[in-house]
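# build me a model from this:
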Amino acid sequence: MSTSIFSRVNSGWLATAFATTTAVLVGVQSLLLAVLQGPWVTFQPHGSLLWIIPVVIIATSLLASAGLLCGGVRIYRRVCAAEAKAADEIYHDLLSSRETQRLHRARMHEVTSTLAGVRSASELLRSCETLDPERRVAMLTMMGSELRRLERLVRAQRGGADTLPVDVGVIDVDAVIHNLALAHEAGGATIARTPSNALAAGSSDAATQIINILLDNAAKHGAGAVGVAVRHEPGDLGQMVVIEVSDDGAGVAPAVRDRIFDWGVRGPDSAGQGIGLNEARTVAERMGGSLRLAATERTAFVVTLPSAVIQEKKKEGASDDAVAA
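Reported below is the predicted structural model:
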């Protein structure tokens, strides 16, 4: 660190320091000379010019000392500035490293959750010989879809992408919820849902990640059946698709309720890492939506996403119509 700091000090400053130090040494020598020649200094008329010599020498010494002080202060400031710049670079490197680590942990969190659902479905297909053929096909379709999503997730991780795409395509909300419900039901959860025919704008992978986190949290930390309700609501920027995931659990502890979406924050009785909700909110906001904890009797998390349905302006004498974006 010291080498990098002092390498920032311009050679001109070092030359100034060297010249100033040399001047001081000359000044000190001159001062000694003045002191030593003192006995020969006379103020008689014939020696009136001799006293000017020590005065000039002493003045030169004082100027040299002032130059040394000024040069030292300038060099000190330069070194302090270099120190500050180096410290600032280290700080930004640490921030970058922390963000990279958070990204990797968030991706690993989603990979683990996705694999758990695929594994549960695989085990169910292998062990349950009486599984309804239609449900068996649905399970296999879900597994293929989730594995392809997992492949894209790993590919994005390998490529160093900081987020999944969030601004492409139309999301079939019912299809996303259906696949995830199958995966969580294979693991023993009960998911109550009804078709909504809702279409959201953005990336299906990103929406799947958000809803998967909410379903996973409800299944692990909640109680009873997990309810998934979808509706439309007007927003500041247009029509929004609202997805509410709720359960009958004890709810979020009051101590962390206001910070539940912060990184690393979790309830006192939670065995989680405090990663999922933070990541879900981040992805939702990047999609132009939001994620909040609702104030209801049930524990309910509400995610809003931009609707892919454009509401046509009502014309005089015409009924309301809606068209897909």
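
# correct me, but Gln209 touches Glu279?
Yes - using CB atoms under 8 Å, Gln209 is in contact with Glu279, at 7.4 Å. All C-beta atoms are positioned from the backbone trio N, CA, C, and that covers glycine.

# what's near enough to touch Ala218?
189, 226, 245-247, 249, 299, 301 (CB atoms under 8 Å, 6 or more residues apart in numbering).

# which residue in these has the weakest pLDDT?
Lowest pLDDT within these is found at Gly249 (81).

# burial of that residue, as a residue count?
Burial of Gly249 is recorded as 17 neighbouring residues (other CB atoms under 10 Å).

# how about it, nearest residue that isn't a chain neighbour?
Among residues not flanking Gly249 along the chain, Gly222 sits closest, at 3.4 Å (CB to CB, 6 or more residues apart in numbering).

# ramachandran angles for the one you found?
phi -100, psi -160 (degrees, to the nearest 10).

# tally of neighbours for it?
21.

# now swap in Gly238 and tell me
Neighbour tally, Gly238, other CB under 10 Å: 13.

# do you know how far it is from His92?
According to CB to CB, to the nearest Å, Gly238 and His92 sit 37 Å apart.

# roughly how far does Glu129 sit from Arg136?
Taking CB to CB, one finds Glu129 at 10 Å from Arg136.

# the more surrounded of these two?
Using other CB under 10 Å as the criterion, Glu129 and Arg136 rank with Arg136 on top: 14 against 6.

# which strand or helix spans that one?
Assigned by DSSP states H and E, Arg136 falls within helix 133-159.

# just give me the longest helix of this structure.
helix 52-127 (DSSP state H).

# quick one, what contacts Val241?
173, 198-200, 230-232, 304-307.

# residues of stretch 186-193 that come out buried?
Going by neighbour count (16 or more other CB atoms under 10 Å), the buried part of stretch 186-193 is 186-187, 189, 191, 193.

# quick one: terminal-to-terminal distance for it?
16 Å (CA to CA, to the nearest Å).

# which residues touch that stretch?
Contacts of stretch 186-193 (CB under 8 Å, 6+ apart): 116-117, 120-121, 123-124, 139, 177-178, 181, 184-185, 215, 218-219, 224-229.

# next helix or strand past the helix holding Arg136?
strand 170-172.

# quick one: the next helix or strand along the chain from that following strand to helix 52-127, angle?
Per DSSP H and E, the first helix or strand lying C-terminal to strand 170-172 is helix 173-186. Helix 173-186 runs at 70 degrees relative to helix 52-127, counting by axes from the mean of the first three to the mean of the last three CA atoms, to 10 degrees.

# what would the buried residues of stretch 186-193 look like in JSON lines with distance to Leu62?
Shown next, in JSON lines, are the buried residues of stretch 186-193 (distance: CB to CB, whole Å):
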{"residue": "Ala186", "distance to Leu62": "89"}
{"residue": "Gly187", "distance to Leu62": "86"}
{"residue": "Ala189", "distance to Leu62": "86"}
{"residue": "Ile191", "distance to Leu62": "88"}
{"residue": "Arg193", "distance to Leu62": "89"}
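
# quick one on the thing from earlier: packing partners for the longest helix of the chain?
helix 2-6, helix 11-36, helix 133-159, helix 173-186, helix 204-221, helix 276-286 (3 or more CB pairs under 8 Å, 6 or more residues apart in numbering; DSSP states H and E).

# compare the mean pLDDT across these and name the weakest.
helix 2-6 has the lowest average pLDDT among these, namely a mean of 46.

# neighbours of the closest residue to Met139 other than its chain neighbours, how many?
Distance criterion CB to CB, 6+ apart; nearest residue to Met139, sequence neighbours excluded, is Ala121 at 5.0 Å. For Ala121, the neighbour count with other CB under 10 Å is 23.
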